[in-house]
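Engineer: could you look at this predicted model? Sequence included:
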Amino acid sequence: MNLRSIAAAAILAAAPLSLLPASAIAQANIQPKGDNSTGPGKTFPIDQIVTASVHDAWLLSGKDESTFFDIVQQLAAMSAEKRGVTLPDSEAAGRRMGNYIKAQAHLDHDQLLYVIVDKAVRMVATKAATPAAATN
C-alpha cells in the first residue's frame, strides 16, 4: 500500500498535540529506546510503540511529522503481518486509512495508537493469498 498517502492524515492527527501546554508535555519525558538516529524510515522498538498513546507517539517522534508517520507505518506493517492480510497499494485505500486514523486520534489523544492503526488496517486490508496445499 502506498503508505505515504496515509502520512497527511496521520500527521494531521498529531498536529493538535503541539497546542498542548508545555506543562502537559513536560510530564512525559519520552525518548526512543536503543538507536537514537533520526531520518526517514526510522524504526522504533515494537514494545515501545505498541504501548504508546497517540500523545506518547507524538512525543516519541520528537513532534516531527515524518517520524510520527514512520511509527504509523511500522504499526500498520506489524498489524497486517499479525493478521495475515495485505495492504492494498492504492491512493484511495491510503486516504481512507489516513482519514480514519486522523479522526480517531482527534477523539482521544490518550488512546493507544496501535488500536487505531490496527482498526484502519482491518478496514482496508485484503486477505493474503495462501499457498496451495501440497498434494501427496
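Structural biologist: Ah, there it is.
Engineer: after the least confident helix or strand in the chain by mean pLDDT, which helix or strand is next?
Structural biologist: Least confident helix or strand of the chain, by mean pLDDT, DSSP states H and E, is helix 22-26 with a mean of 38. Downstream of helix 22-26, the next assigned helix or strand under DSSP states H and E is helix 46-49.
Engineer: quick check: mean pLDDT across that following helix?
Structural biologist: Mean per-residue pLDDT for helix 46-49: 94.
Engineer: flag every buried residue along that helix.
Structural biologist: For helix 46-49, burial by neighbour count (16 or more other CB atoms under 10 Å) applies to 48-49. Where C-beta positions appear, they are placed from N, C-alpha and C, glycine not excepted.
Engineer: and the end-to-end length of stretch 45-56?
Structural biologist: 14 Å (CA to CA, to the nearest Å).
Engineer: how many other residues sit next to Thr51?
Structural biologist: For Thr51, the neighbour count with other CB atoms under 10 Å is 12.
Engineer: next, it: phi, psi?
Structural biologist: Per-residue torsions, Thr51: phi -100, psi 10 (degrees, to the nearest 10).
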